[in-house]
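Asks: sequence and predicted model, in that order:
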Amino acid sequence: MSGAQPAAGPLLLGVRHHGPGSARAVRAALDAARPRAVLIEGPPEGDALLPLAADERMRPPVALLAHAVDDPGRAAFWPFAVFSPEWVAIRWALRHDVPVRFIDLPAAHSLAMTDSPPADTDHGDRGRGQAGDDASAPVVAASAVDPIAVLAEAAGYDDPERWWEDVVEHRTPDGQVADPRAPFAALGEAMTALREVYGDGGHPRDTVREAYMRIQLRAARKEFGDDIAVVCGAWHVPALGARTTVTADRALLKGMPKVKTETTWVPWTHRRLARHSGYGAGIDSPGWYGHLFGAPDRPLERWMTKVAGLLRDEDRFVSSAHVIEAVRLARALAALRGRPLAGLSETTDAIRAVMCEGSDVPLALVRDRLVVGETLGEVPDSAPAVPLQRDLTRLQRTLRLKPEALERELELDLRKDTDAARSRLLHRLRLLAVGWGEPAAGRGSTGTFRESWRLRWEPEQHVQVAEAGVWGTTVLTAATAKAEAEAVSATALAEVTALAERCLLAELPDALPVVMRALADRAALDADVGHLADALPALARTLRYGDVRSTDTAALGEVAAGLAERICVGLPPACTGLDTDGADGLRRQVDGVHAAIGLLAGTVPADGIRERWTAVLHKLAARDTVAGVIRGRAARLLLDEGRIEEDDAARLMGLALSPGTLPADAAAWIEGFVGGGGMLLVHDERLLGLVDAWLAGVPADTFTDVLPLLRRTFSSYEPGVRRTLGELVRRGPATGGPAGTTGGTTAPGFGPGLDDERADAVAPVLRLLLGLETEGADTAGHAMEELGATG
C-alpha cells in the first residue's frame, strides 16, 4: 500500500486494536510528527486516570473499568496490552509531556444505552479484533461487516489473519518505512472505499459515537490547531475526516440516556485478551503478539528458545539442535507459502514437527502457556477503588494471597492462624459472590481441620467486588450484612441451614443471631419430611465446624436435635407409595440424614438420637410397603454400623430376592444395598452368591427390564472391584464360613480370623493422622468411630 496523508489537518492514525505492527507504526508516526496533543478512542471519564499510565507500578495488560454507580453490574472494560497502539500512544504522550485525552462516547451514555452489558466484554471491539473495532460500541450481530476480511478477500487471501500479518505485522522487520504516515493514509483510503459501500457496516451506534468524536476533535483543533494526532480504529477514520456541521453532530447526540459512573484501572490478563475468552475484540495469540512487540531482535529464534524452555520444564527432551532445526523449518515454510516472514502458523507447524514429534498434546501446552499466556497485569495503589476493593487488597497482602491468573490449589490447615484467616476470607468472598476461590477435594486428611481451595483471579471479579460494595466497606461488614439480608428473605428451610453453615465457615458472629432466628422460624413451620432431611446435613456440618473453630453453637444444637426427632417420626410413613424418582431422591436423603446423625451423636442436647435413628432404619428395612431401594439402603446402613449381623443381612437379601418378588423390585433392593461400592460383595461371598443366584434365575422376558438398573448399580464400581467380582463368580458360589472364607477355608488374602491386638496397635497413628485427641484411643474401633464422626 502506498500514498501519503495530506499534511493539512490532524494526523489520523487508524489502527487495529492489540496489533503489535500497528503499535510500532503509531510510535514511529508520533516520533516523526511530534504533535502538540494526542487524542485516543476511549471513554472521556478515563482522562483523569491517564497520568497513572506513567507509573512504574502500572504493568499491562490493564483495563479501564467503568460501571454505573447505582448498578455496579452494568459495567464495561477497555483493555490495553503493552502492544496495543492506544497504550503506546498514551505512553508516548506522557513521556513527551504532551496533552492526551479520550474522545469516544462517554461511558455514562454507552452504559445507559445497554440493557445489561456483560462485564467481561469490552463495549465493543467487534468480532475478530478488526481494524475498525473500538472500545465503546455494543456487541453486534454476526452479519456486521468485518473490514479485515473484506480487504483480505480482495487481496486474494482466504485467511484475514494471515493477510493482516503479511501487510502490517510483517511489513518490515523493524516496523520502519520511509514515511511513517504512509501506511495509515493507505489504510484510511481502503476504509473510505469500504464505508462508501457498506455505510456503518451494521453498527448503527457508530454514527452516534463518530459524531461525538468529531465534536471533541473540533474542540481540540481550536485549542491546539491542526498539529494533533488521533489514534482510533481504522474503520472510523473516514467518518472523522468527513465534512459535517456541529449542529448536525449535536442533533445526533440529543436526548441520549445517561447514568452516573465511576472509572478506574484494573488488572487484565492475556487470557482475557484471547478471542475465545468472550472478549469481543479478542485476538488469538496475545502472548505471541507481546513477544513480537517486545523482542529487540531475532524474534523467531527467541520464540523457539522460549518454547524449548517450557517443554524442558515439563521434562521433555528438547536440545539446542531442536531449536535450530525448528527455526530453519519455520523459515522454509514461510518461503514455500510466499510469506515475507514466518508467522505464528509456520512457527506452530515447526514446533509440532520438531519439538513435539508430531503430537498435539505438548503443542496444546505451548499454546496455553505461551501463545495465549497467563500474564496478569498490575495497577498501582493510587488508582481509584471502591472501599471494599481496598480492604480486600489489604487482606490479600496481609495473608500473602496474591491474585494470580494461573489456577492454583491451596491447602489450608485450620489449626494455623494464618490458614484459618485465609479460610475465613475465602468463605466470606464466596458469600459475597466474588468467585476468586472454590472449595476443592483435598489430597490430605478428611478431617475438619483441613480445607482445599482452587484459586484463580479473573478481571470480572473487580466488578463482582464493586457489586458487593453495596453491602459494606470491608469484607467482614459486607459479608455480615448480606448474610443477614439472605436470612430474612429466605423461604426454604434448607436455604437457611446452608446459610448458617456458610456463616460458621466465614466466622460471621454478628450475623448468626439473625440467621438463628430465621432458622428457628422456618424449622417450626416446615412439616415436610423431605425439607427437614435436606436441611439436617448442613446443620450437622455447621455444628462440627463450630466445634473445630471454637464457636458457640448451643442454639444450633437445639434446632438440630428438634429436626432429627421430627425426621425419625415422619420418615417411615414418607417412604411408602413412592415412584422410582421419588424413591431415589428419598434414598439420597436417608444417606444424608444417616451421616448427619453420626455427626450429631453426642453433640446435641438429645440423648439416644442414634438409637432412635437405628430403630427407624430397622423399620425401613423390614416393611414390604417401603420402596425396594430404600429397604436395601437401610439394610446396608445397619450392616455397616454393626447394628445387624451378616446373617441378618443375608436373610433380608434372601427375602428381597425371593421368587415371589418382582424382578424390578429385587433389582431396586440390590441397588440400595450394594450401590456406591462393591467391596461388601468382595468380602462376603455369601451375599455375592445370593445376588448371583437371583440374577441367574431372572426370567428372560423380564431380564431386559432390570438390566438398565443393574448396569447403573455395577457400573459405579471401580474397575478393580468389577474384575474381582467376576473372578469370584467364575470360581463358584461360596458355601458356609464367615466373611473372607469359601467353603469353610480361608480365601486368598485373608487370615483365619481377626487379630484384635494387631488391629488396636494402629489406633494411635490413625488418630494422629486425623488430628484427634489421643486420650481414649485404646482401640482401632474407637478411632474408626471418630473418623465416621468427622465425615
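Replies: Perfect, thanks for sending it. Not measured: the values here are computed from a predicted model.

Asks: what's the closest non-adjacent residue to Pro43?
Replies: Ala107 (4.2 Å; Cβ to Cβ, 6 or more residues apart in numbering). C-betas here are computed from N, CA, C, even on glycine.

Asks: the one you found contacts Thr261, correct?
Replies: Yes. Contact criterion Cβ atoms under 8 Å: Ala107 and Thr261 qualify, at 5.1 Å.

Asks: what about those two, which has more around it?
Replies: Taking other Cβ atoms under 10 Å, Ala107 and Thr261 do not tie; Ala107 has more neighbours (30 against 22).

Asks: follow-up on the earlier one: list the contacts for the residue nearest to Pro43?
Replies: Taking Cβ atoms under 8 Å, 6 or more residues apart in numbering as the criterion, Ala107 is in contact with Pro43, Glu45, Ala66, Ala76, Ser136, Thr261, Thr263.

Asks: and the host helix or strand of Asp419, what does it pack onto?
Replies: Take DSSP states H and E as the rule and Asp419 turns out to sit in helix 417-431. Contacts defined by 3 or more Cβ pairs under 8 Å, 6 or more residues apart in numbering; DSSP states H and E place helix 417-431 against strand 408-413, strand 437-439, helix 475-489, helix 493-506.

Asks: hmm, try it at 10 Å
Replies: When contacts are defined as 3 or more Cβ pairs under 10 Å, 6 or more residues apart in numbering; DSSP states H and E, helix 417-431 packs onto helix 387-398, strand 408-413, strand 437-439, strand 450-455, helix 461-468, helix 475-489, helix 493-506.

Asks: which residues touch the shortest one?
Replies: Contacts made with strand 437-439 from outside it, assessed by Cβ atoms under 10 Å, 6 or more residues apart in numbering, are listed as 401, 407, 410, 422-423, 425-427, 429-430, 451-457, 505.

Asks: buried ones among those residues?
Replies: By neighbour count, with 16 or more other Cβ atoms under 10 Å, the contacts of strand 437-439 hold 401, 410, 422-423, 425-427, 429-430, 451, 453, 455-457, 505 as buried.

Asks: and the two most separated of the residues you listed?
Replies: Spanning the widest gap among these are Trp457 and Leu505, at 20.9 Å by Cβ to Cβ.

Asks: before we move on, the earlier item: now the helix holding Asp419 against helix 387-398, angle please.
Replies: Taking axes from the mean of the first three to the mean of the last three Cα atoms, to 10 degrees, helix 417-431 and helix 387-398 form an angle of 150 degrees between their directions.

Asks: change the start of the numbering to 25 and stick with it
Replies: Okay, using 25 as the starting number, the last item reads as helix 441-455.

Asks: run the chain-centre distance for helix 441-455.
Replies: With Cα atoms, centre = their mean, to the nearest Å as the basis, helix 441-455 stands 18 Å off its chain's centre.

Asks: returning to that earlier point: so for Gly225, which of the helices and strands packed on helix 441-455 sits nearest?
Replies: Of the helices and strands packed on helix 441-455, nearest to Gly225 by Cβ to Cβ is helix 485-492, at 29.3 Å.

Asks: which positions in the closest one come out as buried?
Replies: Neighbour-count burial for helix 485-492, counted by 16+ other Cβ under 10 Å, picks out Gln485, His486, Val487, Gln488, Val489, Ala490, Glu491, Ala492.

Asks: got the CA positions of it in PDB?
Replies: The C-alpha trace of helix 485-492 is given here as PDB (Å, rounded to 0.1, in the frame of the first residue of the first chain):
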ATOM      1  CA  GLN A 485     -14.100 -10.200  39.800                       C
ATOM      2  CA  HIS A 486     -13.400  -6.500  40.100                       C
ATOM      3  CA  VAL A 487     -16.900  -5.900  39.000                       C
ATOM      4  CA  GLN A 488     -18.100  -8.500  41.500                       C
ATOM      5  CA  VAL A 489     -16.300  -6.700  44.300                       C
ATOM      6  CA  ALA A 490     -17.900  -3.400  43.100                       C
ATOM      7  CA  GLU A 491     -21.300  -5.000  43.200                       C
ATOM      8  CA  ALA A 492     -20.700  -6.400  46.700                       C
END
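
Asks: same question for it, mean pLDDT?
Replies: Mean pLDDT, computed over helix 485-492, is 88.

Asks: for it, packing partners?
Replies: strand 86-92, strand 99-104, strand 285-291, helix 411-422, helix 441-455, helix 499-513.

Asks: tell me what angle the fifth one forms with strand 432-437.
Replies: Relative orientation of helix 441-455 versus strand 432-437 (the same axes, to 10 degrees): 120 degrees.

Asks: for helix 441-455, C-alpha coordinates in PDB please.
Replies: Only the C-alpha atoms of helix 441-455 are listed here, as PDB (Å, rounded to 0.1, in the frame of the first residue of the first chain):
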ATOM      1  CA  ASP A 441      -3.800 -18.800  62.500                       C
ATOM      2  CA  THR A 442      -2.800 -17.700  59.000                       C
ATOM      3  CA  ASP A 443      -4.500 -20.500  57.300                       C
ATOM      4  CA  ALA A 444      -7.700 -20.000  59.400                       C
ATOM      5  CA  ALA A 445      -7.700 -16.400  58.400                       C
ATOM      6  CA  ARG A 446      -7.300 -17.300  54.700                       C
ATOM      7  CA  SER A 447     -10.200 -19.700  55.000                       C
ATOM      8  CA  ARG A 448     -12.400 -17.000  56.600                       C
ATOM      9  CA  LEU A 449     -11.600 -14.600  53.800                       C
ATOM     10  CA  LEU A 450     -12.300 -17.100  51.000                       C
ATOM     11  CA  HIS A 451     -15.600 -18.100  52.600                       C
ATOM     12  CA  ARG A 452     -16.700 -14.500  53.100                       C
ATOM     13  CA  LEU A 453     -15.900 -13.800  49.400                       C
ATOM     14  CA  ARG A 454     -17.900 -16.800  48.300                       C
ATOM     15  CA  LEU A 455     -20.900 -15.400  50.400                       C
END
